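Participant: got a predicted structure here, sequence first:
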Amino acid sequence: MKETMFIDPQRCIGCRSCVAACRECSTHKGYSMIFVDYIDRHETTATMPTVCMHCDEPTCALVCPADAIKKNEDGVVMSALEPRCLDCRNCVNACPFGVPKYNSTMHLQMKCDMCYDRSSEGLKPMCASVCPTGAISFGTYEQIVPLRRTKPVNAHVFGNQVVETKVYLMLPTDADEVNVDGCGVFEGRVRSDGQKGEESWLDTQVEETGKNNEF
Amino acid sequence: MFQKMREGEIRGLMSVCNNVMVSLPDTNKVRESLEGLDFYVCIDFFMSESARYADVVLPGTAWSEDEGVTTNGEGRVLKINKASEPPGEAKPDWWIVQQLAKRLGREKFFPYTSTREMFEELREASRGGTADYGGISWERIERENGVFWPCPTDDHPGTPRLFEERFYHPDGRAKFHAIEYKGAAEKPDGEYPLILTSGRVVFQYLSGNQTRRIKFLVDQCPEPYVEIHPDTAREMQIRDGERVKVLSRRGDGIFPALIVKTIRPDTIFIPYHWGEQLAVNQLTNPALDPISKIPEFKACAARIEKIHSRELPILGQGRQGVSQNEVQKGK
Ligand code: SF4
Ligand code: SF4
C-alpha cells in the first residue's frame, strides 16, 4: 500500500464529519476512533483531527504485555487483537499522541487502523472520504504533496525520543520535524543544535528486546 | 403573522415541522400568540416545545421515512428514498394535509395518491417558468446522480451553473444595487450596552428537536452558553464558566460564560438550538428586514448581570430544559 494519510490541521473547520463517518463503522458503531479537538478555544476557533499516526516503532505495541498490537506489512498499526488484549490500558497511557482509548463494554481498544479493510483495497478511510476541506487526505505522497503549500512532516520529537510515523502532518513551516516540548506546547520548530540527546527509552527498548511488531 | 395572532386577526394555526418556540425571535411573545389561538394543530415527528401549546399534535414523518425530491443549495434536484417505515401512528405530512382536505370537502384539489404524482404536477406547473422542472424525472435523478434545475425538456442536460450566458433581466445583464447601511433596528445604548448575536453550533441542528435527543451530540454541547470577550469579562469580573444573566428589552436568561478572544469586545454570542428558559430567542428582536422580512436574530441590544448563587435555577433535569428530559437514555 503506497497510500497514507496526510493531516493538515490548518484546513480543519471543525465540522466533525470525520467523527460522524467513523462512528458509522460496524465494528465500533456509535464510537469514533478519530477525535476532533479545539486547540485552545479561548484563543481561537481552530480545531484539529487526531488519528493514529501509525508509528514505525509503535510505542503502544512496545508497552503491550500481551503482544496484541501488530504492525502489518503496509506499515499500518492494527487495533489490538481482541482475544489477546488484557484491558490493561498500557497503550492508552503510552501513546505519545494520546490516540488509543479503551472501551470496556465492548472489550475494544479504540484505535484507528486507517480503515484497513477499506484502505488495503484502495478505498479511502471513512474520515478521508468525507472531510470537505482536505484536512484529512488519503493518497500517495506524489499525489497529495504537490497539491499543498504546506510541508509534509513525519518525524516527531518528544524530548529525546524521535517518533517517525506513516501518517504525515502538513505544517506551514520549514521544519523537518515536529518538536513537542516538556509542557506539551506544540511548537513545530527546528531543533537548532541538530543533535540528539541521550538515547531515548524507546530506542533502548527496541535494541534490548529485539521486539519487532511485524505479524 | 404572530403579531396578527395576538391582535386576534388570526385565530387558528397548523404548523408542519416548525418549532416556533425555539426558532422565532421573542419567544415570550410567541408563547402569548400560541396561547391566544382558538385552535392550534402541530404536525411534527417529535414532541417539540411548540407542540406543548397545541390542541392537537399529529405525528408526522422524518425525511428517511418518506420518499420524495428535494433541491439543494447548488440547484441539484435529489431523490430521497424511504429507508424505514414511519413508527406507530405517524403519517407522511402530505398524507395528513390531503386527509384534512378530504374531510373538509376539498378533496378534488388534492387528488394525489403518491409523492410521485405530486412531483409530476410540479413538473407540469413549473414548465416554461424560471425554475423549470419539466425535464426532470425520478429515473433521470437516479441515473444522473441528481439533475440541476432549470431543466425544461427530457433531453436538456440540466443547468449546473446558472447565468453563464445571461441573467434574467431583459438586457441579459446583472444589476448591482448600492445598499445604504442602516444598522440594526435596536442599537446598544447606556442601558443595554452590548450587541447580542445568535447563531448555531456544529453539534446541534436547527431547533435541536432532533439533535437534543442524541446522547453523543448532547454530551458535546449540552446547553447554550454566552461567548464573552476577555476584556468585557474582566471589566465585569466574570470568570470562565460562571453563570450570568443576559437581559434584553424582551426577556432574559441565565447562561454559563465562555470567555473567548474570538468575539468582539462589544458583542456577545449565544447559540439558539434550545427552548423555554434556555432559548436565546427570549431576548432577540422580532424587527424584520424591510425587504427580505428576515428577523434581526443577529443583532439586538443586551446587557449582562452578575448573579448571586441563590438566583441560580435549581440544577439538574429541570434546569436543563424540558426537552432534555426526553433525551434518550443510554447510548
Ligand atoms: S500513534 Fe499511538 S496508537 Fe498509533 S501507532 Fe503510534 S503509539 Fe500506537
Ligand atoms: S471532516 Fe475534515 S474539516 Fe471536518 S472536522 Fe474532520 S478533519 Fe476537520
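Facilitator: The structure has been received and is ready for your questions. Ligands and ions are numbered 1, 2, ... in the order given.

Participant: how is chain A divided into domains?
Facilitator: Domains of chain A are assigned by automatic domain parsing as A:4-184, A:185-215.

Participant: can you say which of the ones you listed is nearest to B:Arg173?
Facilitator: domain A:4-184 (33.6 Å; Cβ to Cβ). To be clear about C-beta, it is placed using only N, CA and C from the backbone, and glycine gets the same treatment.

Participant: please list all residues in contact with residue 127.
Facilitator: No chain specified, so I'll use chain A. Going by Cβ atoms under 8 Å, 6 or more residues apart in numbering or on different chains, A:Cys127 touches A:17-19, A:21-22, A:34, A:49, A:51, A:136.

Participant: hmm, I had chain B in mind actually
Facilitator: By Cβ under 8 Å, 6+ apart, the contact list for B:Arg127 reads B:133-134, B:152.

Participant: helices along the chain, start to end?
Facilitator: You didn't pick a chain, so chain A it is. Secondary structure of chain A, counting by DSSP state H: helices at A:17-22, A:59-62, A:90-94, A:116-119, A:126-130, A:141-144, A:201-209.

Participant: chain B is the one I meant
Facilitator: B:2-6, B:20-23, B:27-35, B:93-103, B:115-126, B:138-144, B:215-220, B:230-236.

Participant: mean pLDDT added to those, as TSV?
Facilitator: Formatted as TSV, the helices of chain B follow (pLDDT from 0 to 100):
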stretch	mean pLDDT
helix B:2-6	93
helix B:20-23	96
helix B:27-35	96
helix B:93-103	94
helix B:115-126	94
helix B:138-144	95
helix B:215-220	89
helix B:230-236	96
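
Participant: just name the most buried of these.
Facilitator: Highest mean neighbour count among the helices of chain B (mean count of other Cβ atoms under 10 Å in any protein chain shown): helix B:20-23, with a mean of 23.

Participant: run through who's touching that one.
Facilitator: B:2, B:27, B:30-31, B:34, B:48-50, B:52-53, B:206-209, B:272-276, B:279, B:281.

Participant: likewise for stretch A:12-21?
Facilitator: A:32, A:34-36, A:38, A:45-49, A:126-133, A:135-136, B:202-203.

Participant: report the buried members of the residues you listed.
Facilitator: A:32, A:34-36, A:46-49, A:126-128, A:130-131, A:135-136, B:202-203 (16 or more other Cβ atoms under 10 Å in any protein chain shown).

Participant: pLDDT score for the nearest residue to A:Thr47 once chain neighbours are set aside?
Facilitator: In this structure, A:Thr47 finds its nearest non-sequential neighbour in A:Gly14, 3.5 Å apart by Cβ to Cβ, 6 or more residues apart in numbering or on different chains. A:Gly14 carries a pLDDT value of 95.

Participant: and A:Gly14, how far is that from ligand 1?
Facilitator: 22 Å (Cβ to the nearest ligand atom, to the nearest Å).

Participant: next, count neighbours for that residue.
Facilitator: Residues lying near A:Gly14 (other Cβ atoms under 10 Å in any protein chain shown) number 18.

Participant: and what of A:Arg148?
Facilitator: A:Arg148 has 17 neighbours, counted by other Cβ under 10 Å.

Participant: nearest spatial neighbour of it, chain-adjacent residues omitted?
Facilitator: Excluding the flanking residues, the one nearest A:Arg148 by Cβ to Cβ, 6+ apart is A:Met170, at 5.7 Å.

Participant: next one: phi and psi at the residue nearest to A:Thr47?
Facilitator: phi 70, psi 30 (degrees, to the nearest 10).

Participant: reformat the helices of chain B as TSV; add distance to ligand 1.
Facilitator: Shown next, in TSV, are the helices of chain B (distance: least, Cβ to the nearest ligand atom, whole Å):
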stretch	distance to ligand 1
helix B:2-6	55
helix B:20-23	41
helix B:27-35	47
helix B:93-103	48
helix B:115-126	48
helix B:138-144	41
helix B:215-220	23
helix B:230-236	35
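
Participant: out of these, which gets nearest to A:Met114?
Facilitator: Across the helices of chain B, closest to A:Met114 is helix B:215-220 (Cβ to Cβ), at 22.9 Å.

Participant: please state the offset of that closest one from the chain centre?
Facilitator: Its chain's C-alpha centre lies 20 Å from the corresponding centre of helix B:215-220 when counted by Cα atoms, centre = their mean, to the nearest Å.

Participant: for chain A, give me the ranges with low pLDDT.
Facilitator: A:181-215 (pLDDT under 70).

Participant: recalculate using a threshold of 50.
Facilitator: A:183-192, A:194-197, A:212-215 (pLDDT under 50).

Participant: contact residues of it facing ligand 2?
Facilitator: Neighbours of ligand 2 within chain A, by Cβ under 6 Å from any ligand atom: A:12-18, A:36, A:49, A:130-131, A:133, A:135-136.

Participant: which members of those residues are the farthest-apart pair?
Facilitator: It's A:Gly14 and A:Val130 that sit farthest apart of the residues of chain A next to ligand 2, by Cβ to Cβ, at 13.9 Å.

Participant: for B:Gly12, list the residues it contacts.
Facilitator: The neighbours of B:Gly12, taking Cβ under 8 Å, 6+ apart as the test, are B:37-41.

Participant: ugh, typo on my part, it should be B:Leu58
Facilitator: With Cβ under 8 Å, 6+ apart, B:Leu58 has these contacts: B:41-43, B:91, B:96.

Participant: tell me which of those is nearest to chain A?
Facilitator: Closest approach to chain A among those (Cβ to the nearest Cβ): B:Ile43, at 28.0 Å.

Participant: low-confidence ranges, the stretch 101-250 of chain B, go.
Facilitator: Using pLDDT under 50, the stretch 101-250 of chain B has no residue that qualifies.

Participant: before we move on, back to that, give me the buried subset of the contacts of B:Gly12.
Facilitator: B:37, B:40-41.

Participant: roughly how far does A:Val157 sit from B:Arg31?
Facilitator: According to Cβ to Cβ, to the nearest Å, A:Val157 and B:Arg31 sit 59 Å apart.

Participant: my bad, should have said A:Ser32
Facilitator: For A:Ser32, the distance to B:Arg31 - Cβ to Cβ - is 38 Å.

Participant: same question for B:Lys182.
Facilitator: B:Lys182 is 30 Å from B:Arg31, by Cβ to Cβ.

Participant: could you do A:Asp87 as well?
Facilitator: 52 Å.

Participant: burial count for the residue nearest to B:Pro295 when sequence neighbours are not counted?
Facilitator: Distance criterion Cβ to Cβ, 6+ apart; nearest residue to B:Pro295, sequence neighbours excluded, is B:Pro25 at 4.5 Å. Counted with other Cβ under 10 Å, the neighbours of B:Pro25 add up to 24.

Participant: please flag which of the contacts of stretch A:12-21 sit within strands.
Facilitator: Residues of the contacts of stretch A:12-21 located in strands (DSSP state E): A:35-36, A:38, A:47-49, A:136.

Participant: many thanks, we can stop here.
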